[in-house]
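S.K.: Here you go, sequence then predicted model.
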Amino acid sequence: MTISAEHANTKSSQFTILGWLVGLAYFVWFGSIEATMLQHAILLLGGIFLSSIIIGGGVAFFFGILTRIFTGTWDGSPHGYAWGAFIAPIIAFFCVEPAATILLRLM
């Protein structure tokens, strides 16, 4: 069964949000992030939207460029996009702590 690039990008976005939520829960649970309830809500809701756009979009763009280089077309092979669906949540998980640290210093 072949996966389409659109389906892979949708899964990448969904798993990026899941990676952000799991990362936020992990770093809050182990005390790396100490914030008020309002700051947690901002991290939660803002992170859902921004991680999906920035990380998910960036990973999709990167694998789109790689697909273009290796196949000659933007949608020639969905395998790169499928790898993006695997890598994006891992990136989102590890971006939670630095992003939260920067945001909490600005608040």
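M.R.: Looks like it arrived, so ask away.
S.K.: average pLDDT for the helix or strand containing residue 82?
M.R.: According to DSSP states H and E, residue 82 maps onto helix 79-106. Helix 79-106 carries an average pLDDT of 85.
S.K.: Could you do stretch 54-73 as well?
M.R.: Averaging pLDDT along stretch 54-73 gives 83.
S.K.: Tally up the residues packed near residue 11, please.
M.R.: Residue 11: 19 surrounding residues under other C-beta atoms under 10 Å. Any C-beta I mention is one placed from the backbone N, CA and C, and that applies to glycine too.
S.K.: Please disregard the earlier target; I meant residue 4.
M.R.: If we define neighbours as other C-beta under 10 Å, then residue 4 has 12 of them.
S.K.: unless I'm mixing things up, it is touching residue 82, no?
M.R.: No - using C-beta atoms under 8 Å, residue 4 is not in contact with residue 82, being 10.0 Å away.
S.K.: Run through the residues that contact residue 32.
M.R.: The contact partners of residue 32, by C-beta atoms under 8 Å, 6 or more residues apart in numbering, come to residue 97.
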